[in-house]
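Colleague: Provided below are the primary sequence and the corresponding predicted coordinates.
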Amino acid sequence: MSKWNVFEFLQQSRVSGNVSGIKKLHAQLLKTGMLFLSHHLHTQLIATYASTLPNLNTLHSLNNFFKCMNSTNPLHFNAIISDLRRKGFPFLALASLSFMHTNAVPLDTYSLCSTLTASSKVKDLDFGKQIHAHVAKSGWASSVFLGSALIDLYSKLSNVRDATLVFDEIPEKNTVCANALLKGYGEAGLWVQKLELVRKMHVLKLKHDHFTLSAALRACTGLSAVEMGRQVHGYLLRTTPDVESDVFLQSALIEMYGKCGMVIKAWQVFKLVGMEIRKEVRSRDVVLWTSMLGVYGRNGHSKEVIDLYNEMLVEGIRPDGIAFLTVISACGRTGQVQEGVKYFESMANEFKLDPGPEHYSCLVDLLCRAGELKKAWELLNKTLKKGMGKGSVSMWGALLSACVDRGDIELGKLAAERALELDPQNVGICIMLSNLYARFGMWEEIGHLRVLINASGLRKDVGCSWVQVTS
């Protein structure tokens, strides 16, 4: 049997779950010695076991498998660990490293980096910390490669404090480890720390690549720091010759200006990108179109949202779920109920996109704004029958808000009841229900509601706006 026939048989066995056939093939490969000639074949066999057997049996087979290898060369194991991680079996990658450590197979930076990545995929912080301890005891704490992998692990598992400590301990830092920490700061919403790290990179003379500049722009967006954002824009124009080719960087620019209320400036960036890219006979990416749609939507330019969406279709750009959210919301603000329903239906009919809870919430809000409360109620019930569970708080909240405006006490109470079933600690729903009671002078019900709120210890967050004011 040739190696390619073996691969084909393993693929068929994985689909059919033919465990007996896999074991027979395994025995044949051991007898002929073919198994030890290809580490890729090793990985394929392990992956096939993993897809057909429970985890306990898989681990037993994995240990026996490694014992049959009778090898202490880390390169053999590294190839298998890397393949298991890439093929979607991170748990087995961790088990492979454990086997290496238990059986005195030397651990190198490659195996440790691959396993740290696998740890982040299975969200196993404890295993990652054990590797971190081994790295420190082995004297590899100064490795920028292991440091970057550790920062990435801690960042992905929302442990930014440890990620920062690892970064500070790396003697020779590079752009990769700095970008890993920037990503962690961004996911945690630590915008100030993000900008400080960008400045620190400049002091350390680390190169600012596209990811670094995009991260800086996202931080400016989070802080509404338009002047800092304009400085970053100027810097990237001076230092980045191919800025027009990076749609994510351009998208960050558009969103930064839009968040700061500079809609015209965002449009100028969007239009300039379109002109530059057309020179290469390419259309603007859907990311840029969606970003510009979002800018118009957030700043109340509902007509421009619909016009830009139609232009997007003319350009041959396929809209995504975010684009539909924006355009349906715009239809709600402009009172174009039929148009909004048409766009919603076109998601599945024309573009084969499955509407999510957020799209149904948006459509409910559209109907409620037009005073079509009964239609919104019918839509919600129809949605639940399609397997959407109990809906979402935003769906019932939109209906409750409309009931408060329209004075529909019965429907409002039902909407509040459904929303509180999903989130009993949602103080916003309680406040809207209280406002509905107050509209009808139902003071006794308001008293009961206040007792419930106080007993639950609920508190409403204080609203605020944060923008940079320039003279």
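Modeller: Everything's here; your move.

Colleague: low pLDDT regions in the stretch 201-350 of the chain?
Modeller: Counting by pLDDT under 70, the stretch 201-350 of the chain shows low-confidence ranges at 273-284.

Colleague: run the last query once more with 80
Modeller: 241-245, 272-285 (pLDDT under 80).

Colleague: any chance you could map the helices in it?
Modeller: Under the criterion DSSP state H, counting those that start in this stretch, the stretch 201-350 of the chain contains helices at 210-223, 226-239, 247-259, 263-278, 286-298, 302-314, 321-334, 337-349.

Colleague: what's the closest of those to residue 203?
Modeller: Nearest of the helices of the stretch 201-350 of the chain to residue 203, taken as CB to CB: helix 210-223 at 13.6 Å. Where you see a C-beta, it was placed from the backbone N, CA and C, and this is true even at glycine.

Colleague: check which helices and strands the closest one sits against.
Modeller: On a contact count with 3 or more CB pairs under 8 Å, 6 or more residues apart in numbering; DSSP states H and E, helix 210-223 meets helix 175-188, helix 191-203, helix 226-239, helix 247-259.

Colleague: picking that back up, can you redo the helices of the stretch 201-350 of the chain as CSV with distance to residue 111 and mean neighbour count?
Modeller: Shown next, in CSV, are these (distance: least, CB to CB, whole Å; neighbours: other CB atoms under 10 Å):
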stretch, distance to residue 111, mean neighbour count
helix 210-223, 26, 22
helix 226-239, 37, 16
helix 247-259, 32, 24
helix 263-278, 42, 17
helix 286-298, 36, 23
helix 302-314, 47, 17
helix 321-334, 39, 22
helix 337-349, 45, 16
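
Colleague: just so I know, which of the ones you listed lies nearest residue 452?
Modeller: Closest approach to residue 452 among the helices of the stretch 201-350 of the chain (CB to CB): helix 321-334, 31.6 Å.

Colleague: next, the angle helix 286-298 makes with that closest one.
Modeller: Relative orientation of helix 321-334 versus helix 286-298 (axes from the mean of the first three to the mean of the last three CA atoms, to 10 degrees): 20 degrees.

Colleague: tell me which other helices or strands helix 321-334 touches.
Modeller: Using 3+ CB pairs under 8 Å, 6+ apart as the contact test, the elements touching helix 321-334 are helix 286-298, helix 302-314, helix 337-349, helix 357-369.

Colleague: same list, the ones you listed, but as TSV with distance to residue 219 please.
Modeller: As requested, those are arranged in TSV below (distance: least, CB to CB, whole Å):
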stretch	distance to residue 219
helix 286-298	17
helix 302-314	26
helix 337-349	33
helix 357-369	26
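
Colleague: what about these, which gets the closest to residue 95?
Modeller: Closest approach to residue 95 among the helices and strands packed on helix 321-334 (CB to CB): helix 357-369, 37.0 Å.

Colleague: starting at the chain centroid, how far to that closest one?
Modeller: Averaging C-alpha positions (CA atoms, centre = their mean, to the nearest Å) puts helix 357-369 23 Å from its chain's average.

Colleague: if we can go back for a sec, so which of the helices of the stretch 201-350 of the chain gets nearest residue 416?
Modeller: Minimum separation from residue 416 across the helices of the stretch 201-350 of the chain (CB to CB) falls at helix 321-334, 21.2 Å.

Colleague: pLDDT below threshold where in the stretch 51-200 of the chain?
Modeller: 51-73, 75-77, 79-80, 83-84, 86-89.

Colleague: what ranges do the helices span in the stretch 351-471 of the chain?
Modeller: So, for the stretch 351-471 of the chain - with DSSP H, counting those that start in this stretch - the helices run 357-369, 373-385, 393-406, 409-422, 427-439, 443-456.

Colleague: let me have the ones you listed in TSV, extended by distance to residue 229.
Modeller: Shown next, in TSV, are the helices of the stretch 351-471 of the chain (distance: least, CB to CB, whole Å):
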stretch	distance to residue 229
helix 357-369	28
helix 373-385	39
helix 393-406	30
helix 409-422	37
helix 427-439	31
helix 443-456	40
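
Colleague: sorry, back to before: JSON lines for the helices of the stretch 201-350 of the chain, including distance to residue 132?
Modeller: What follows is these, written out as JSON lines (distance: least, CB to CB, whole Å):
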{"stretch": "helix 210-223", "distance to residue 132": "24"}
{"stretch": "helix 226-239", "distance to residue 132": "33"}
{"stretch": "helix 247-259", "distance to residue 132": "31"}
{"stretch": "helix 263-278", "distance to residue 132": "42"}
{"stretch": "helix 286-298", "distance to residue 132": "35"}
{"stretch": "helix 302-314", "distance to residue 132": "47"}
{"stretch": "helix 321-334", "distance to residue 132": "37"}
{"stretch": "helix 337-349", "distance to residue 132": "45"}
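
Colleague: before we move on, back to that, now the helices of the stretch 351-471 of the chain as CSV including mean neighbour count?
Modeller: What follows is these, written out as CSV (neighbours: other CB atoms under 10 Å):
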stretch, mean neighbour count
helix 357-369, 23
helix 373-385, 16
helix 393-406, 23
helix 409-422, 19
helix 427-439, 19
helix 443-456, 12
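
Colleague: so can I have JSON lines of those helices showing mean pLDDT?
Modeller: Below are the helices of the stretch 351-471 of the chain laid out as JSON lines (pLDDT from 0 to 100):
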{"stretch": "helix 357-369", "mean pLDDT": "87"}
{"stretch": "helix 373-385", "mean pLDDT": "83"}
{"stretch": "helix 393-406", "mean pLDDT": "88"}
{"stretch": "helix 409-422", "mean pLDDT": "90"}
{"stretch": "helix 427-439", "mean pLDDT": "89"}
{"stretch": "helix 443-456", "mean pLDDT": "83"}
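
Colleague: sorry, back to before: and residue 83, which of the helices of the stretch 201-350 of the chain is closest to it?
Modeller: helix 210-223 (26.9 Å).

Colleague: chain center to that closest one: distance?
Modeller: Counting by CA atoms, centre = their mean, helix 210-223 comes out at 17 Å from the chain centroid.

Colleague: ok, stretch 396-415 next?
Modeller: Worked out by CA atoms, centre = their mean, stretch 396-415 lies 32 Å from the chain centre.

Colleague: quick one: contacts for residue 355?
Modeller: Shown in contact with residue 355 (CB atoms under 8 Å, 6 or more residues apart in numbering): 321, 324, 344, 347-348.

Colleague: same question, residue 208
Modeller: Contact analysis of residue 208 by CB under 8 Å, 6+ apart lists 175, 198, 201-202, 216, 235, 239.

Colleague: any buried residues in stretch 149-160, and which?
Modeller: Buried positions in stretch 149-160, judged by neighbour count with 16 or more other CB atoms under 10 Å: 149-157, 159-160.

Colleague: check contacts around the nearest residue to residue 416 once chain neighbours are set aside.
Modeller: Leaving aside its sequence neighbours, residue 416 sits nearest to residue 433 (CB to CB, 6 or more residues apart in numbering; 4.3 Å). Listed by CB under 8 Å, 6+ apart, the contact set of residue 433 reads 400, 412-413, 416, 449.
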